[in-house]
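Q: Here's a sequence, model it:
(chains A, B and C)
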Amino acid sequence: MRYEGFKTFTTAADGGKLTVTFDFGPVNVQGQEMLEDLNSLAMRLERDRTIKVVVFQSANPEIWVCHYDTDLLKDMSTEAVAREDAKLLDLQSVCERISKVPQATIAKLEGFARGGGHELALALDMRFAARGKFKFMQMEVGMGILPCGGGASRMARQTGLGRALEIILSARDFDADEAEAYGTINKALEPDEIGEYVDHLANRIAQFPAESINACKQAVYESIDRPIEDALKAEAYWLYQATSKTPAIKRFAAADEQGLEHNIENQRNWNELVMKVQEIN
Amino acid sequence: MRYEGFKTFTTAADGGKLTVTFDFGPVNVQGQEMLEDLNSLAMRLERDRTIKVVVFQSANPEIWVCHYDTDLLKDMSTEAVAREDAKLLDLQSVCERISKVPQATIAKLEGFARGGGHELALALDMRFAARGKFKFMQMEVGMGILPCGGGASRMARQTGLGRALEIILSARDFDADEAEAYGTINKALEPDEIGEYVDHLANRIAQFPAESINACKQAVYESIDRPIEDALKAEAYWLYQATSKTPAIKRFAAADEQGLEHNIENQRNWNELVMKVQEIN
Amino acid sequence: MRYEGFKTFTTAADGGKLTVTFDFGPVNVQGQEMLEDLNSLAMRLERDRTIKVVVFQSANPEIWVCHYDTDLLKDMSTEAVAREDAKLLDLQSVCERISKVPQATIAKLEGFARGGGHELALALDMRFAARGKFKFMQMEVGMGILPCGGGASRMARQTGLGRALEIILSARDFDADEAEAYGTINKALEPDEIGEYVDHLANRIAQFPAESINACKQAVYESIDRPIEDALKAEAYWLYQATSKTPAIKRFAAADEQGLEHNIENQRNWNELVMKVQEIN
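A: Numbers count the residues shown, from 1 in each chain, chains lettered A, B, ... in the order given. As a prediction, this is how the structure comes out:
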């Protein structure tokens, strides 16, 4: 798969890891060009089993991704629609498509992410932010709308209701530590630590089988959108989706031969064992 | 709208902010009078677009709102009902109605909130508590029932399952710091800080358009009660509910004219910019 | 009810508390014997109203419960199934059955819990872990599958989406403090504190009525699997399930006679009052 021809970001593949670096004009504005690029990126990722993990970062020292382009916003419809006629907006569709690509996706947040920029981050699987550099805000309520790139829908899936409502109704900046405390990001890290943390995580994931990464992702997303008994059935469905395509059986057979579970030394070293097992294919 | 004639609380309107101060007898008991007052308050708020935010506090130095009146509880039915015949209880109905008023609602917790008192707090959008003064408890399991003013239903929507179950099954006091760690409140604050924090937040929200506040609230509440694809459609529905009634388009047009997104200075100052934009109507 | 004849754990009843101590071979492997024992335990608990709370601990100084037996895993099917044909796996069924027993269940985690071992812990109501001794990991993605003992389904119900995805996609060890920060456990405790904390909690719960414990549990689990309006109706249903079988009315009548809510002294002492009220039956 070739990842080129984008206007708003550059890409670099390294083994199973793809790094996407936003680099567009003065502020990485989220306009038609970026939406088209993200859509095109998602289309390629959906057909790629070589890339296992995608890291999204920015070349701009202050801004990860800017808010949605006001040039598009000023032409929004002002006509109320019936519930049954509500259609997905462009930013919602693109973010949802990115959210469900088969790869693990990571936001490496070393600058501002406000409005639609933050909604894109929320659509990724994991978020890490640099202290002193990252800020996020959902300012939409102050503009007269609501976060409508999936932000109103995804916030409480990360933070619980009360904190989601404060974030969305206060329209104020939150820094990395407050984001960690509220749960919108996985962790706040020092600016000189975030690179290594994200690299280590991405390189680890990049060694795992593509089909088990996808099965894990889809099952987790599905899990909270249905009752537990249906979530468990989806989990069972995804198990065989994985075993039918990964070397799982060979790996368990090898572990069984080595008497894995009868050896306390092995049990102490699972953190390394799980990487060593990647040699069995 | 006139906010008067209540027995269990006083009210004070200040611009778009309404402060409700519980002040009823020795302990702010949650009885028939308070339920009627809250129902009547909700009815007025539902028709009011001037008030944008409501802060609930207490005049009692030790108690925010007391538990449900034992005089009512001792006459509860002891007859089991079939699932399909279960009807909402009075406290459930009132709390649910308060929960969905179009205004942003804030609990300023400077005293005990136990049983039904805490369930009322959980039904509000946001909760802030004073260290050393606030305690909460759901003692129902020890009385032989369950939190049935919406508490059993709302707890895990704030905290995740494990902590919700500990809170409800242990029937013990939790202080402000533990409440923050478990996620039942947004933040624990020092007693001399909570006033300013809540004022600042409420005054900020009070400047935003009524219709976008309502759209944000309803979309966030709806988001976790349905699968993500339906949540996104609800979000799109609420967008046009907002743009059809707020000055959103004018504000985006003004921002676009000023070249907002091409100016890094502006991007640094969104926290103030979003307040300045309130002048455009 | 007699709790004996198990191969993989011992049991000890003390008043309303049952302690289950895993003690099976070198590493407490989670194989056919443990699944049968857990199923048999659940069957007895479902019919027992004397036992109110169950604590699960381990006799092994390093391992709480080990992962699922590789001897069973190596014979898994490699055939993909249609969604509608996906059936619950044995570990899913056993964990789900344990999850819904009428007793409160507590995991006292003083050693490793990885893979299926951690999924069993996630199926219990509450989890407490000892610093320096506890580690958890979901290594399945690295083996070529996904956590399929309910782990993919239950993780985000505890932690929110982003942290659940990191846990499941990184396949790395997490210690007690990180588990607390991410929300998979209720609390991290010092190794010399966890015993007293869990004892105090379990002994407290063991004094409450069996039927209100069950009502609380089932209502909380149901609450996040359905929209709020249906959750509230389930809450009302469980109320009468409780009042029809517990001494709730007598307790409220006694509290009312003593003028509970008109006495600020009583309001200060609810933490003890709720235990004293257990004398009224």
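Q: Would you confirm that A:His67 contacts A:Asn28?
A: No. In this structure, A:His67 is not within contact of A:Asn28 by C-beta atoms under 8 Å, at 9.8 Å. From N, CA and C alone the C-beta is placed, and that goes for glycine too.
Q: what's the pLDDT at whichever residue of chain A sits closest to chain B?
A: Ranked by C-beta to the nearest C-beta, the top residue of chain A for proximity to chain B is A:Gly144, at 3.2 Å. Note on A:Gly144: pLDDT of 98.
Q: secondary structure class for A:Ala129?
A: strand (DSSP: H, G, I helix; E, B strand; the rest coil).
Q: and it, what does it touch?
A: A:109-110, A:176, A:179-180, A:185, A:187-189, A:194 (C-beta atoms under 8 Å, 6 or more residues apart in numbering or on different chains).
Q: Now rank those residues by neighbours and give me the top one.
A: Counting neighbours by other C-beta atoms under 10 Å in any protein chain shown, A:Leu109 comes out on top of those with 31 neighbours.
Q: Apart from its chain neighbours, what residue comes closest to that residue?
A: A:Ala129 (4.1 Å; C-beta to C-beta, 6 or more residues apart in numbering or on different chains).
Q: and which of the contacts of A:Ala129 is nearest to C:Gln138?
A: Nearest to C:Gln138, judged by C-beta to C-beta, of the contacts of A:Ala129 is A:Lys187 at 17.8 Å.
Q: Now do that closest one against chain C, distance only.
A: 8 Å (C-beta to the nearest C-beta, to the nearest Å).
Q: Let me see the contact set for that residue.
A: Contacts of A:Lys187 (C-beta under 8 Å, 6+ apart): A:128-129, A:180, A:197.
Q: which residue ranges form the helices in the stretch 101-250 of chain A?
A: A:116-123, A:140-143, A:151-159, A:161-170, A:176-182, A:194-205, A:210-223, A:228-243, A:248-257 (DSSP state H, counting those that start in this stretch).
Q: now what about stretch A:30-48, what contacts it?
A: Stretch A:30-48 has contacts (C-beta under 8 Å, 6+ apart) with A:1-3, A:5-9, A:11, A:18, A:20, A:22, A:24, A:28, A:51, A:54, A:65-69, A:71-72, A:90-91, A:94, A:97-98, A:101-103, A:115-117, A:120.
Q: Just the buried ones among those residues, please.
A: Among the contacts of stretch A:30-48, those buried by neighbour count (16 or more other C-beta atoms under 10 Å in any protein chain shown) are A:3, A:6, A:8-9, A:11, A:18, A:20, A:22, A:24, A:28, A:51, A:54, A:65-69, A:71-72, A:91, A:94, A:97-98, A:101-103, A:115-117, A:120.
Q: on that earlier part again, now do the shared contacts for A:His67 and A:Asn28.
A: A:Gly117.
Q: coming back round to it: out of the contacts of stretch A:30-48, which are close to chain B?
A: Residues of the contacts of stretch A:30-48 in contact with chain B (C-beta under 8 Å from any C-beta of the partner chain): A:66-67, A:69, A:71.
Q: could I get the contacts of A:Lys187 as CSV with pLDDT?
A: Below are those laid out as CSV (pLDDT from 0 to 100):
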residue, pLDDT
A:Phe128, 99
A:Ala129, 98
A:Glu180, 98
A:Tyr197, 98
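Q: Quick one: residues contacting the residue nearest to A:Gly16 when sequence neighbours are not counted.
A: Of all residues not flanking A:Gly16 in the chain, A:Ala206 sits nearest, at 3.4 Å (C-beta to C-beta, 6+ apart). A:Ala206 makes contacts with A:15-17, A:52-53, as judged by C-beta under 8 Å, 6+ apart.
Q: of all the contacts of A:Lys187, which two lie farthest apart?
A: A:Glu180 and A:Tyr197 (13.0 Å).
Q: The residue nearest in space to the middle of chain A and C:Ala188, how far apart?
A: The centre of chain A sits closest to A:Leu124, judged by C-alpha atoms, centre = their mean, with a distance of 1.6 Å. With distances taken as C-beta to C-beta, to the nearest Å, A:Leu124 is found 28 Å from C:Ala188.
Q: would you turn the contacts of A:Lys187 into CSV with distance to C:Arg157?
A: Shown next, in CSV, are the contacts of A:Lys187 (distance: C-beta to C-beta, whole Å):
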residue, distance to C:Arg157
A:Phe128, 23
A:Ala129, 24
A:Glu180, 20
A:Tyr197, 26
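Q: Pick the one among those closest to C:Glu229.
A: Using C-beta to C-beta, the contacts of A:Lys187 come closest to C:Glu229 at A:Glu180, 33.2 Å.
Q: Which residue, other than its chain neighbours, is closest to the closest one?
A: A:Ala188 (4.2 Å).
Q: got a list of what the one you found touches?
A: A:Ala188 makes contacts with A:128-131, A:134, A:176-177, A:179-180, as judged by C-beta under 8 Å, 6+ apart.
Q: can you name the two of those residues that are farthest apart?
A: Within those, A:Phe128 and A:Asp177 form the most distant pair, 12.9 Å apart (C-beta to C-beta).
Q: more neighbours, those two?
A: The neighbour comparison of A:Phe128 against A:Asp177 (other C-beta under 10 Å) goes to A:Phe128, with 26 against 14.
Q: which residues sit in contact with that one?
A: So A:Phe128 contacts A:106-109, A:185-189, A:194, A:197-198 (C-beta under 8 Å, 6+ apart).
Q: Distance-wise, check A:Gln92 relative to B:Ala231.
A: Applying C-beta to C-beta, the value for A:Gln92 to B:Ala231 is 10 Å.
Q: I should have written A:Leu72 there, sorry.
A: To B:Ala231, A:Leu72 is 22 Å away according to C-beta to C-beta.
Q: cool, A:Met143 as well?
A: 21 Å.
Q: for chain A, what are the low-confidence residue spans?
A: For chain A, the stretches flagged by pLDDT under 70 are A:261.
Q: One more pass at 90, please.
A: Residue ranges of chain A with pLDDT under 90: A:1, A:25, A:71-72, A:255-264, A:266.
Q: Domain map for it?
A: The record's domain parsing of chain A by automatic domain parsing lists A:9-205, A:210-279.
Q: Select, out of these, the one closest to C:Leu260.
A: Comparing those by C-beta to C-beta, domain A:9-205 comes nearest, at 29.3 Å.
Q: Give me the contact status of the host helix or strand of A:Gln267 with chain C.
A: For A:Gln267, the element it lies in under DSSP states H and E is helix A:264-268. Yes. Applying C-beta under 8 Å from any C-beta, one finds helix A:264-268 touching chain C at A:264, A:267-268.
Q: for chain B, what are the nearby residues on the stretch 151-281 of chain A?
A: By the rule C-beta under 8 Å from any C-beta, the part of the stretch 151-281 of chain A lying against chain B is A:152-157, A:160-166, A:168-173, A:221, A:225-226.
Q: 6 Å instead?
A: A:152-153, A:156, A:160-166, A:168-173, A:225 (C-beta under 6 Å from any C-beta of the partner chain).
Q: which of those are buried?
A: Here, 16+ other C-beta under 10 Å leaves A:152-153, A:156, A:160-166, A:168-173, A:225 buried among those.
Q: ok, and the closest non-adjacent residue to A:Tyr237?
A: Leaving out its chain neighbours, the residue that sits closest to A:Tyr237 by C-beta to C-beta, 6+ apart is C:Ala86, at 3.8 Å.
Q: wait, A:Ile145 sits on B:Thr246?
A: No. The criterion here is C-beta atoms under 6 Å, and A:Ile145 misses it with B:Thr246 at 7.2 Å.
Q: of the two, who's got more company?
A: Comparing A:Ile145 with B:Thr246 by other C-beta under 10 Å, the one with more neighbours is A:Ile145, at 29 against 23.
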